[in-house]
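*Asks:* the sequence isn't on hand, but the structure is:
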C-alpha cells in the first residue's frame, strides 16, 4: 500500500488465472460443461469490482477534496470498504468453485443446483459452515491446497472482515474515532473561504479534513454492557486491516494460479491456432 492511501492491487495473477480458465474451457481440453466458464468469469469480474470498491472508498475517506467528512460520511466509507472486502472474498470463492467444478464436479459444489449455489462461500476453504462436514469442500485439498492453507493461516483476518461487515450492515456503526490529517494542500481552505482563525472557521475546516487514522469498534458482537475496556493501542485500525487485506489478495492470486496450473490437468497447455 502506498503512503498516499492508494491500494493498487496486483491483478496479474488473476488475469493469468482467467487465461488459464479460458484455455481449460476449450473443446480440446475440458470444455464448457454447464457453462462453468460463465460462472467463473462472473465471479472473477465481481471480484474485480469489489477490490475496486475497496480502493475507491479507502482513498476517498483519506483524501483531501472538497467533500464533507462528517462522521456519517466516514462511517459510510468504512462500511462500504468492509462490504467490498467481504464480497471480494465471496466472489473469488465463487469463481474458484466453478474452475474446480470442471476439473472434478464431484469434489465441488454443483453449479447447476440453485439451492446448492448458496453453499458457495469462504467456509468451503476455512471451515465453520453447518451445511458440510466442518464446512470444508474436499476439492480444495486436491486442487487448491496452497490457497486453502494460506486462507486458513489468515482466518483471523477473514473473520474480522466478515464480522465488521455483518455488524455495519445489520446492527450499528463501526466507526470508533481516530485522527484527521493536518497536511492540507496549499490554498485548500482559502478556496473554501474558511481560512480564518475564528472558531467557526476552525469548526468548518474540521469537517473537510480527511482521516489519517480510523479506529474500528472492537468486540463488536459482544453486548455493550459486557464489553471490556480496551487499551487505545489494541483498538483495531482500518489502515492496518486494509494493508493486511491488500497483501492477502495479492498472495491469494499467486497461490490460486499456482494451484490451478499444477493440479488441473489439460490435454493441451497452449491455445491451438
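*Replies:* Here it is on my side, so go on. Just so you know, these numbers come straight off a predicted model, no measurement behind them.
*Asks:* by residue count, tell me the biggest helix in this protein.
*Replies:* The helix that spans the most residues within the chain, counting by DSSP state H, is helix 71-103.
*Asks:* quick check: residue 139 vs residue 19, distance?
*Replies:* 21 Å (Cβ to Cβ, to the nearest Å). Using the backbone N, CA and C atoms, a C-beta is placed for each residue, glycine as well.
*Asks:* these two: which is more packed in?
*Replies:* Between residue 139 and residue 19, residue 139 has the larger neighbour count (other Cβ atoms under 10 Å), namely 23 against 12.
*Asks:* and the spatially most central residue of the chain, what pLDDT?
*Replies:* Taking Cα atoms, centre = their mean, the centroid of the chain lies closest to residue 85, which sits 2.3 Å from it. Among the per-residue scores, residue 85 holds a pLDDT of 96.
*Asks:* which ones are touching it?
*Replies:* 50, 54, 161, 165, 245 (Cβ atoms under 8 Å, 6 or more residues apart in numbering).
*Asks:* which among those residues gets closest to residue 150?
*Replies:* For the contacts of residue 85, the residue nearest residue 150 by Cβ to Cβ is residue 245; the value is 13.4 Å.
*Asks:* ok, that closest one - how many residues close by?
*Replies:* 27.
*Asks:* sec struct for it, please.
*Replies:* State at residue 245, reduced to three classes by DSSP: H, G, I helix; E, B strand; the rest coil: helix.
*Asks:* how much space between it and residue 201?
*Replies:* Counting by Cβ to Cβ - residue 245 and residue 201 are separated by 37 Å.
*Asks:* so what touches stretch 247-258?
*Replies:* With Cβ under 8 Å, 6+ apart, stretch 247-258 has contacts from 9-14, 16-17, 20, 51, 88, 92, 96, 144, 146-147, 150-151, 154, 157.
*Asks:* which of the residues in that stretch are buried?
*Replies:* Residues 248, 249, 250, 251, 252, 253, 254, 255, 256, 257 are the ones in stretch 247-258 that count as buried (16 or more other Cβ atoms under 10 Å).
*Asks:* quick one, grab the pLDDT at the residue of the chain most remote from its centre.
*Replies:* Centroid-distance maximum for the chain: residue 198 at 42.6 Å, with Cα atoms, centre = their mean. pLDDT, residue 198: 84.
*Asks:* low-confidence ranges in the stretch 1-150 of the chain?
*Replies:* Low-confidence segments of the stretch 1-150 of the chain (pLDDT under 70): 1-3, 128-135.
*Asks:* change it to 50
*Replies:* Applying pLDDT under 50 to the stretch 1-150 of the chain picks out residues 2, 130-133.
*Asks:* do you have the helices of it handy? List them.
*Replies:* If DSSP state H, counting those that start in this stretch is used as the criterion, the helices of the stretch 1-150 of the chain fall at 12-25, 36-62, 71-103, 114-117, 123-126, 139-143, 145-153.
*Asks:* for the fifth one, packing partners?
*Replies:* The helices and strands touching helix 123-126, judged by 3 or more Cβ pairs under 8 Å, 6 or more residues apart in numbering; DSSP states H and E, are helix 71-103, helix 145-153.
*Asks:* closest one to residue 191 among these?
*Replies:* It's helix 71-103; of the helices and strands packed on helix 123-126, that one is closest to residue 191 (Cβ to Cβ) at 19.6 Å.
*Asks:* that closest one: how far from the chain's middle?
*Replies:* 5 Å (Cα atoms, centre = their mean, to the nearest Å).
*Asks:* buried among the contacts of stretch 247-258? Make that a ChimeraX selection.
*Replies:* Selection of buried members from these for ChimeraX, criterion 16+ other Cβ under 10 Å:
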select :9,11,13,14,16,17,20,51,88,92,96,144,146,147,150,151,154,157
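*Asks:* so where do the strands sit in the stretch 101-250 of the chain?
*Replies:* 175-180, 211-216 (DSSP state E, counting those that start in this stretch).
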